[in-house]
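[1] Need a 3D model of the following:
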Amino acid sequence: QVQLVESGGGLVQAGGSLRLSCAASGRTFSSYVMGWFRQAPGKEREFVAIINWSGSRTYYADSVKGRFTISRDNAKNMVYLQMNSLKPEDTAVYYCAADTRLRPYTVQADYWGQGTQVTVSS
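    Numbers count the residues shown, from 1 in each chain. Sure thing, here's the model as predicted:
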């Protein structure tokens with residue numbers, strides 16, 4: 001089992017940047033695919049990005065491709081989401097997740113964090 005704690009959310013103006021971090025507990029971090037998902041008010045949770053076990057492959061939603069970058073540090077049990085050129089439509093609660101399987105573009109994972117709020121003002 002793994003526990004996930006997100007940080008780094010906040011309020012930013014459109015065009016700005018934020019870096020989200022997710023700290024994972026446990027000794028088997030490198031055995032999990034890690035991902036970021038988001039849920040805006042009144043909307044369903046959606047896929048944002050995932051990164052495979054070694055960090056050699058990444059997958060992004062079309063809406064964030066070219067603006068967001070997911071990365072991981074297996075030595076530190078950390079996964080990050082660098083968000084640039086933020087737009088008001090990026091406003092959502094962002095969730096970190098861990099999965100034993102590689103399931104890009106789906107909203108499925110074995111473990112979820114509590115989420116961190118990102119608000120982008122226009």
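
[2] which residues in this protein form strands?
    Under the criterion DSSP state E, the chain contains strands at 4-7, 10-13, 18-24, 33-39, 46-51, 58-60, 68-73, 78-83, 92-99, 111-112, 116-121.

[3] residues touching the residue nearest the centre of the chain, list them.
    Among the residues of the chain, the one closest to the centroid is Trp36, at 2.2 Å (Cα atoms, centre = their mean). Residues near Trp36 by Cβ atoms under 8 Å, 6 or more residues apart in numbering: 20, 22, 48-50, 68, 70, 79, 81, 94-97. Where C-beta positions appear, they are placed from N, C-alpha and C, glycine not excepted.

[4] next one: Tyr60
    Counting by Cβ under 8 Å, 6+ apart, Tyr60 has contacts Val48, Ala49, Phe68, Ile70.

[5] same thing with Gly26?
    Contact partners of Gly26, counting by Cβ under 8 Å, 6+ apart, are Gln1, Val2, Gln3, Asn77.

[6] now do 7 Å
    Taking Cβ atoms under 7 Å, 6 or more residues apart in numbering, we find Gly26 in contact with Gln1, Val2.

[7] Look up how far Asp99 lies from it.
    From Gly26 across to Asp99, the span is 14 Å (Cβ to Cβ, to the nearest Å).

[8] Next: Val93.
    For Val93, the distance to Asp99 - Cβ to Cβ - is 19 Å.
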